[in-house]
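**Student:** show me how the following folds:
(2 chains)
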Amino acid sequence: MNQNILTIIIQLAYLVASVLFIVGIKMLGKTHTAREGNIYSAVAMFIAIVATLLVQEVLSYTEIFVTILIGSAVGTYVAKKVEMTQMPEMVGLFNGFGGLASVLVATSEYWRMAHDANIAMPVITGVTVVLSVIIGAVTFTGSMVAYGKLAGKINGNAITFSGQHPLNAILFLIMLVASIFLVLDPNNDIYMIAVLAIGLLLGILTVIPIGGADMPVVISLLNSYSGVAACFTGFVLNNQVLIIAGALVGASGIILTQIMCKAMNRSLVSVLLGGFGQGGSSAAAAGGGSDMQVKEVGVEEAAMIFDSASSVIIVPGYGMAVAQAQHIVREMTELLEKKNISVKFAIHPVAGRMPGHMNVLLAEANVPYDKLIEMENINDEFANTDVCLIIGANDVVNPAARTNPASPIYGMPILNADKARTVIISKRSMASGYAGIENELFGFPNALMLFGDAKATITKMVGELKEM
Amino acid sequence: MSIENLIVLLYVLVLASYVGFELIAKVPPTLHTPLMSGSNAISGITIVGAIICAGPLPGEFPLSKILGMVALFFATLNVVGGYVVTDRMLQMFKKKK
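**Tutor:** Numbers count the residues shown, from 1 in each chain, chains lettered A, B, ... in the order given. Model prediction:
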């Protein structure tokens, strides 16, 4: 009787947690409620954890509390220390940990069932264990490779070798066969080890051929996987809250993946097959002659152009964040506004290295978020704008995406920066962007190149503007 | 697990996925990074599974328990780190001072 009441309380607590997760995610969708929404979701997690601790099978509280304490301390430390530019790799890393936890839970549950003489593992459980292990394993190693690439710990370019796709296909088939044997004969550990090992290997092999520009897609997709992994773990343990929370994350990751693919005009399949962005030299040759004539502009002259403008749009790219120029750019924005010049930021969906990354980088520099305008909403405004300042962005303003069917980025939606009356491009050199192609915009009659480190040049410009 | 039970869980999965798609399709691009790290923290819900696996006394199946404990560590890291960093990001989103 007592036991029944406890079970009901636990189930109700899981229900409350599930509702709070949903409400939390809903609130995360509006800027003014987002922070609160995140807290709702954290409270949901807390309720789920406490309810689980009440389950009577939990006997070893001390070890559990110590482990949670250490995990929390490490997690908090990492979360407080991480730079906003490093967000993509941190999300990648945490994704991987989530995947790893799912694998371990499924393996643990498998081990207990397979080695308990009193339980015969039902086929349904076998299937859910296999799915949970595979998805968790791919999420874990795939995320680790993505983390390594983003953090520059391993070569960030697409790594391809001949026979890559056939190898993956063969491994997948072997894994499938081993999975079937495991379900039919769950007490045989060798099949379990085979499934686990191949899953881990496939995670690595499927992410290494994906290079630089496509990483935002991969991070979103792995985010989705980590949710799906949690979801299947829920099936293994017969636990609804895992399924609901996992499904929410899975859906969120898939939507972000689609948005990223659309923003780059790439299909998910072509991203996953990999290899983009490594045919740099041949693409450059196809992208038009390199005898492009560019006009340079000095800091002083550029400052004068800004001073006489009445509207300015800034197009920030990841290069701006690399140069740590966002704070000085904000200062310049305030200065221009004092001179009654309207300033807006045009944000391309793939600016930065993960969905929405540029918004966070600018928010950190105290740029109010209502100044950050999405591509669709600002693209018509460029034609009526006096000056467009491009800082550290390249492919997202390359007109070849509109005009040159031979270009690898043809069809990608871009910011119409070239339509502004004057375009000033702050750039270190003439080097090409992620896609490895030349940008014909730099040779346009209304384009002026402002060479030099973004932070140094904008700092000088702020100095000039102050004196005007 | 019985078939009936599985069907109930599938219902939960399909309905929760639908709610997820509906809610997240409306999130503006400004909030995509916090959404990702916040949902990342939610995917650490596996912590519940980890507690269940780490729960029993180390008796009959020590390996199960060890795996559960390791899972618990990584899931906690995922959950706590994810929420803290999301909060850090969201507090930076301000309108004009």
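**Student:** please parse chain A into its domains.
**Tutor:** Listed by automatic domain parsing, the domain ranges of chain A are A:1-81, A:85-278, A:285-467.
**Student:** out of those domains, deepest packed?
**Tutor:** Stretch with highest mean neighbour count among the domains of chain A: domain A:85-278 (a mean of 22; mean count of other Cβ atoms under 10 Å in any protein chain shown). Using the backbone N, CA and C atoms, a C-beta is placed for each residue, glycine as well.
**Student:** hmm, the host helix or strand of residue B:16 touching chain A?
**Tutor:** Counting by DSSP states H and E, the element that carries residue B:16 is helix B:3-24. Yes: residues of helix B:3-24 contacting chain A under Cβ under 8 Å from any Cβ of the partner chain: B:3, B:5-6, B:9, B:12-13, B:16-17, B:19-21, B:23-24.
**Student:** ok, the residues you listed vs residue A:444, which is closest?
**Tutor:** Using Cβ to Cβ, residue B:24 comes nearest to residue A:444 of the residues of helix B:3-24 next to chain A, at 38.6 Å.
**Student:** pretty sure that closest one sits against residue A:29.
**Tutor:** Yes: in this structure residue B:24 lies within contact range of residue A:29 using Cβ atoms under 8 Å: 7.4 Å.
**Student:** can you list residues touching both of the two?
**Tutor:** Residues touching both residue B:24 and residue A:29 (Cβ atoms under 8 Å, 6 or more residues apart in numbering or on different chains): residue B:35.
**Student:** can you list the low-confidence ranges for the stretch 251-400 of chain A?
**Tutor:** The stretch 251-400 of chain A contains residues with pLDDT under 70 at A:274-291.
**Student:** those residues of it touching chain B, which are they?
**Tutor:** Residues of the stretch 251-400 of chain A lying near chain B (Cβ under 8 Å from any Cβ): A:251-256, A:259, A:347, A:349, A:354-357, A:359-360, A:363-364, A:366, A:368-370, A:372, A:374.
**Student:** helices - which of the residues you listed land there?
**Tutor:** Counted as lying in helices by DSSP state H, out of those, are A:251-256, A:259, A:357, A:359-360, A:363-364.
**Student:** what comes into contact with stretch A:262-272?
**Tutor:** Stretch A:262-272 is contacted by residues A:206, A:210, A:213-214, A:217-218, A:221, A:257-258, A:261, A:276, A:348-350, A:401, A:409-413 when judged by Cβ under 8 Å, 6+ apart.
**Student:** if you set the cut-off to 7 Å instead, what comes out?
**Tutor:** Contacts with stretch A:262-272, where a contact means Cβ atoms under 7 Å, 6 or more residues apart in numbering or on different chains, come from A:206, A:210, A:214, A:217, A:257, A:261, A:349-350, A:411-413.
**Student:** skipping adjacent residues, who's closest to residue 82 in space?
**Tutor:** In the absence of a named chain, chain A is used. Distances taken as Cβ to Cβ, 6 or more residues apart in numbering or on different chains put residue A:90 closest to residue A:82, at 4.9 Å, once the chain neighbours are dropped.
**Student:** please refer instead to chain B.
**Tutor:** Nearest non-adjacent residue to residue B:82, counting by Cβ to Cβ, 6+ apart: residue B:41, 2.6 Å away.
**Student:** show me the contacts for the most centrally placed residue in chain B.
**Tutor:** Nearest residue to the geometric centre of chain B (Cα atoms, centre = their mean): residue B:43, 2.3 Å. Listed by Cβ under 7 Å, 6+ apart, the contact partners of residue B:43 are A:98, A:226-227, A:230, A:246, A:249.
**Student:** again, only this time at 8 Å
**Tutor:** Residue B:43 makes contacts with A:95, A:98, A:223, A:226-227, A:229-230, A:245-246, A:249, B:78, as judged by Cβ under 8 Å, 6+ apart.
**Student:** and the closest residue to chain B within the stretch 1-150 of chain A, what pLDDT?
**Tutor:** When scored by Cβ to the nearest Cβ, the stretch 1-150 of chain A has residue A:71 as its residue closest to chain B, at 2.8 Å. pLDDT recorded at residue A:71 is 96.
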